[in-house]
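> below is the sequence, then the predicted model.
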Amino acid sequence: MKEFIKSAGLLLGCIALARFIDLPANITPFMAMAVFMPYMTSNRLLQLALPTTLLFTTDLIIGLYGPLMLFVYGTMLLTGLLSRLLHKDNIQTLLGTSVLSVVLWHFIVNGAVVFFGNGFGPLTPEALLFDIRLLVSTLVFSSLFYGVRSLFTQKQADIIQISEYKNVRF
């Protein structure tokens, strides 16, 4: 449990830090975090609340952006719910859920942008290019999270196997 808390803390710290680094527009680990939470914990409240809470906390520091925030946070919650419902512990499902989440994001958030009259519609080249960056970053971060978790899980299994071997008496 102590190791899980350390790795989860490191993951969350890196994600929060990524909000303050000058990354290109829509290159962010937040969607990947929302998709990945069922791989980290079985706690359903944590799966849904943590990505949105972390996003909101960093938005308080960076700046709030009006009614569009409701659609952004709603889509993050929907992504967490979708990931929880589709969750299977394999990379293919993780990547498929990542793609589906970005497609939902693209239509929901860009639709809201059109509704509030301050941006490009979902099928415009500008919106498509903008959200292709989100798709790439979500796939990269999801894969990275999965790879690190797999390494950590394998390391734990190796430690358990070594400790069991040491306890065998001849």
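Structure's in. What do you need?

> in which helix or strand would I find the one residue sitting closest to the centre of the chain?
Within the chain, one residue has its C-alpha closest to the average C-alpha position: by C-alpha atoms, centre = their mean, that is Met33, at 1.6 Å. Assigned by DSSP states H and E, Met33 belongs to helix 30-40.

> roughly how far is that helix from the heart of the chain?
When C-alpha coordinates are averaged (C-alpha atoms, centre = their mean, to the nearest Å), helix 30-40 and its chain have centres 4 Å apart.

> remind me what that helix packs against, helices and strands.
For helix 30-40, the contact count by 3 or more C-beta pairs under 8 Å, 6 or more residues apart in numbering; DSSP states H and E identifies helix 2-20, helix 44-62, helix 68-86, helix 91-115, helix 125-166 as packing neighbours. (Glycine included, C-beta is placed from N, CA and C.)

> give me the angle between it and helix 68-86.
30 degrees (axes from the mean of the first three to the mean of the last three C-alpha atoms, to 10 degrees).

> of all the helices and strands packed on helix 30-40, which one is nearest Met37?
Shortest separation from Met37 across those is recorded for helix 44-62, at 4.1 Å, computed as C-beta to C-beta.

> identify each buried residue in that closest one, please.
Of the residues in helix 44-62, those buried by neighbour count under the rule 16 or more other C-beta atoms under 10 Å are 46-48, 50-52, 54-55, 58.

> closest one to Ser150 out of those residues, please.
Gln47 (19.1 Å).

> quick one on the thing from earlier: what's the helix holding Met33 in contact with?
By C-beta atoms under 8 Å, 6 or more residues apart in numbering, the residues outside helix 30-40 that reach it are 8, 11, 15, 19, 46-48, 50-52, 54-55, 76, 79-80, 83-84, 87, 89, 94, 97-98, 101-102, 105, 134, 137-142, 144-146, 149.

> isn't Phe97 right up against Leu85?
Phe isn't right for residue 97; it's Thr. No - shown here, Thr97 and Leu85 do not form a contact pair, counting by C-beta atoms under 8 Å, at 9.1 Å.
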